[in-house]
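Student: for reference, the sequence and a predicted model appear below.
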Amino acid sequence: MFRLTPTVRTLLIINVLIYFLQNQFGAQVTVLGALYPIGSVYFQPWQFLTYMFLHGSFAHLFSNMLGLVFIGASLEDVWGPKRFLTYWLICGVGAGMLYQGVRAYELHQMDTDRIAFQEAPSGVAFSNYFHNYLPEAGDSFSAVAAQMQRTPNDQSLIASATETIQAIYDRAINSPEAGMLGASGALFGVLFAFGFLFPQQSLIIFPIPIPIKAWLFVTLYTAYELYQGIHPVPGDNVAHFAHLGGMLIGFIVLKIWQRNGTHYG
């Protein structure tokens, strides 16, 4: 049922207004508020909070706000405005922190392989770097990799390949497009809480016209996000580990509140 509770309404308005600012001022707003990797020239501490109010497209905004409206209202009815807002913000910030940890590990591996290539350049290492860190490039690098195998002592080719790999690493950490944005981390925390508090509630997930219990939907969605995070599809720019982070932080918060004797309703 479509219903706007006070905090849900406020969050909806803020997200829509900030999306309007993004459209008006473009990259300036995104670079200021998106969550960039620690070590990036664009990283700022406040981005752990601000990233969750920015979105990459209208479809991105619409899907997150739709979930907020249809799921968040039920939780705000149970918790009240202040506790719901607290939960939303904690899940969002926590999801960003956990994502940063995963991203830091990925970038460390990327940098380690970059240095390894500089120390022992080869066509195989060049090919593996593309496969591991720029799979969306397809086979565009295969000709250079093959030539490096045929002429392993070609210093100009080695220098060009080294610059290319350096550029891939620099793009991953310092590109304006390297930031994470969106309310999904907070929303997945809300989704988990809904399944936790209303496990037997039936949901209709578009476009499948079959009711599914909330606990089962949350379980299946968690498994899907975990699989996609571990086995990313080339070109997939969804922060699956931020989604999982929002769920994990939500679980921790709920258990703490439960242990401290919080009564719902």
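Tutor: That came in fine, so what should we check first?

Student: and the gap between the spatially closest residue to residue 240 that is not a sequence neighbour and residue 253?
Tutor: The spatial neighbour of residue 240 that comes closest, neighbours along the chain excluded (CB to CB, 6 or more residues apart in numbering), is residue 229 at 3.6 Å. Heads up, the C-betas are built off the backbone N, CA and C, glycines and all. Spatial separation of residue 229 from residue 253 under the definition CB to CB, to the nearest Å is 21 Å.

Student: please, which helix or strand holds the residue nearest to residue 240?
Tutor: helix 214-230 (DSSP states H and E).

Student: between the helix or strand following that helix and helix 214-230, how many degrees?
Tutor: Taking DSSP H and E as the definition, the helix or strand that follows helix 214-230 towards the C-terminus is helix 240-259. Using axes from the mean of the first three to the mean of the last three CA atoms, to 10 degrees, the direction of helix 240-259 lies 140 degrees away from that of helix 214-230.

Student: ok, back up a step: might you report the residue contacts of the residue nearest to residue 240?
Tutor: Residues in contact with residue 229, defined by CB atoms under 8 Å, 6 or more residues apart in numbering, are 240, 241, 244.

Student: which of the residues you listed are buried?
Tutor: Under a neighbour-count criterion of 16 or more other CB atoms under 10 Å, the subset of the contacts of residue 229 counted as buried comprises 240, 241, 244.

Student: got the contact list for the last one?
Tutor: Listed by CB under 8 Å, 6+ apart, the contact set of residue 244 reads 98, 188, 222, 225, 226, 229.

Student: so what's the backbone phi/psi at residue 211?
Tutor: Per-residue torsions, residue 211: phi -60, psi 140 (degrees, to the nearest 10).

Student: burial count for the closest residue to it other than its chain neighbours?
Tutor: Using CB to CB, 6+ apart and skipping the chain neighbours, the partner closest in space to residue 211 is residue 202 (4.0 Å). Applying other CB atoms under 10 Å, we find 12 residues neighbouring residue 202.

Student: with the one 10 residues further on instead?
Tutor: Taking other CB under 10 Å as the criterion, the count of residues near residue 212 is 15.

Student: distance of it relative to residue 221?
Tutor: Spatial separation of residue 212 from residue 221 under the definition CB to CB is 10 Å.

Student: for residue 96, same thing?
Tutor: Applying CB to CB, the value for residue 96 to residue 221 is 20 Å.

Student: under the pLDDT cut-off, which ranges of the protein? List them.
Tutor: Low-confidence segments of the chain (pLDDT under 70): 1-2, 205-209, 232-237, 262-265.

Student: what ranges do the helices span in it?
Tutor: For the chain, the helices defined by DSSP state H cover 6-25, 27-33, 47-50, 58-67, 73-79, 81-119, 123-133, 142-150, 155-174, 184-197, 214-230, 240-259.

Student: now the third one: buried residues?
Tutor: To tie it back to what came earlier, the one meant is helix 47-50. Within helix 47-50, the residues that qualify as buried by neighbour count (16+ other CB under 10 Å) are 47, 48, 50.

Student: next: the fourth one.
Tutor: For helix 58-67, a neighbour-count test (16+ other CB under 10 Å) marks 60, 61, 63, 64, 65, 67 as buried.

Student: JSON lines for those, including distance to residue 134?
Tutor: Formatted as JSON lines, the buried residues of helix 58-67 follow (distance: CB to CB, whole Å):
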{"residue": "60", "distance to residue 134": "23"}
{"residue": "61", "distance to residue 134": "28"}
{"residue": "63", "distance to residue 134": "27"}
{"residue": "64", "distance to residue 134": "28"}
{"residue": "65", "distance to residue 134": "32"}
{"residue": "67", "distance to residue 134": "31"}
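
Student: if anything else comes up later, I'll come back, but that's it for now.
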